[in-house]
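1. requesting a structural model of the entry that follows:
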Amino acid sequence: MVKVKWWGHATFEIKGSKLTVITDPHGGSVGLPNPKCSGDIILVSHNHFDHYSKVEDVCKGGAEKVLWMAGTKTVKGIPIKGIQVFHDESKGSQRGKNVIYTFEMDGIKFCHLGDLGHVPSESQIREIGEIDVLFIPIGGVFTIDATGATEVADLIKPKIVIPMHYKTPGLSLGLGDIKEFTKGKPRVKEIQSSEVEITKGNLPKETEIWVLKL
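-> Presented below is the predicted three-dimensional model:
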């Protein structure tokens, strides 16, 4: 079993049986409280303030930070793949590069898209591979919007889609609303919590959207 907790924006705490992974710590830089979590592995997709802030605050003793790494590396026994993409639709000329991370914990395959700003190419989709849980930005402005996120999710075909990087209470960035992404879609689950437990056995057969609540 893996426990997934959303701390707002693109920050997730993914706690497996042995290790905890933290993604893109915002450090309270976007109007939300600084995440009160700590991880063994910290994954950072790019060096913008809202994804790379107060990193030491979320590090356990001996934690290893993986910073915008393209390529593959085994960290504390967990194979991690970083796929370089872009933060915009013009090959990074506006907002630079971004790294997509895939990793597996307790038999569950995760993918965090960071600040993906475009629909990935066919070769990039192949590199991502089969995914159980997809963390996807949907708010537009700095990333793909609801329409782009829908296309990306349809290409990756995960078991669970968890939206991130959208307008939430207290957020200081002007992003799109979750309803722009979920409207008209089947199999949307409103999780009345910021935390959810996932096991290999409870993965849905068809893609579901799980909306966590801060």
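2. which residue is the nearest non-sequential neighbour of residue 204?
-> Among residues not flanking residue 204 along the chain, residue 159 sits closest, at 5.6 Å (C-beta to C-beta, 6 or more residues apart in numbering). Heads up, the C-betas are built off the backbone N, CA and C, glycines and all.
3. residue ranges with poor pLDDT in this protein?
-> For the chain, no stretch has pLDDT under 70.
4. show me where it has helices.
-> 122-128, 146-156, 179-182 (DSSP state H).
5. show me the contact partners of stretch 182-194.
-> Stretch 182-194 is contacted from outside by 5-7, 150, 163, 204, 206-214, using C-beta atoms under 8 Å, 6 or more residues apart in numbering.
6. bridging residues for residue 2?
-> residue 198 (DSSP bridges).
7. just checking, it touches residue 109?
-> No: at 10.7 Å, residue 2 does not count as touching residue 109 under the criterion of C-beta atoms under 8 Å.
8. what's the span of stretch 88-108 from first residue to last?
-> By C-alpha to C-alpha, to the nearest Å, the extent of stretch 88-108 from end to end equals 29 Å.
9. circling back: any chance of the helices of the chain in TSV, with mean neighbour count and distance to residue 139 too?
-> Output for the helices of the chain, formatted as TSV (neighbours: other C-beta atoms under 10 Å; distance: least, C-beta to C-beta, whole Å):
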stretch	mean neighbour count	distance to residue 139
helix 122-128	14	21
helix 146-156	18	8
helix 179-182	19	8
